[in-house]
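Student: got a predicted model here, sequence first, then my questions.
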Amino acid sequence: MLKTCQSCGMEMAKEEDFGTNSDGSLNQEYCRFCFQKGNFTDPSITFEEMVNKVAHMMIAKITIPEEKALEVAKKELINLKRWK
């Protein structure tokens, strides 16, 4: 079942995509890049910093202008649990 990380918006389809809880079980809300062992990997990251991070990952993976990538990232992240 495809899920979306509620921090960065990454699609999580495989078991190894999911973060982990403190007991080692899979966390169903956050990916392995954002959440490990029951904690956020970067607990002090701000919304704007995450927008920048995600936008630059998009730029690296697909051909998209920076301005558009920032716009898309902000639009998507604002609806995720971590940023509400």
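Tutor: Right, received. Where do you want to start? Residues are numbered from 1 along each chain as shown.
Student: can you point me to the longest helix in the chain?
Tutor: helix 47-61 (DSSP state H).
Student: count of neighbours near the nearest residue to residue 24 once chain neighbours are set aside?
Tutor: Sequence neighbours aside, residue 37 is the residue nearest to residue 24 in space, at 7.8 Å (criterion: Cβ to Cβ, 6 or more residues apart in numbering). Where you see a C-beta, it was placed from the backbone N, CA and C, and this is true even at glycine. Neighbour count of residue 37, defined by other Cβ atoms under 10 Å: 12.
Student: also the one 4 residues further on?
Tutor: Around residue 41 there are 15 other residues, counting by other Cβ under 10 Å.
Student: all strands of the chain, in order?
Tutor: Along the chain, counting by DSSP state E, strands occupy 3-4, 11-12, 18-20, 26-31, 35-36, 39-40.
Student: which stretch among those strands comes nearest residue 76?
Tutor: Judged by Cβ to Cβ, the one of these that comes nearest to residue 76 is strand 3-4, at 8.9 Å.
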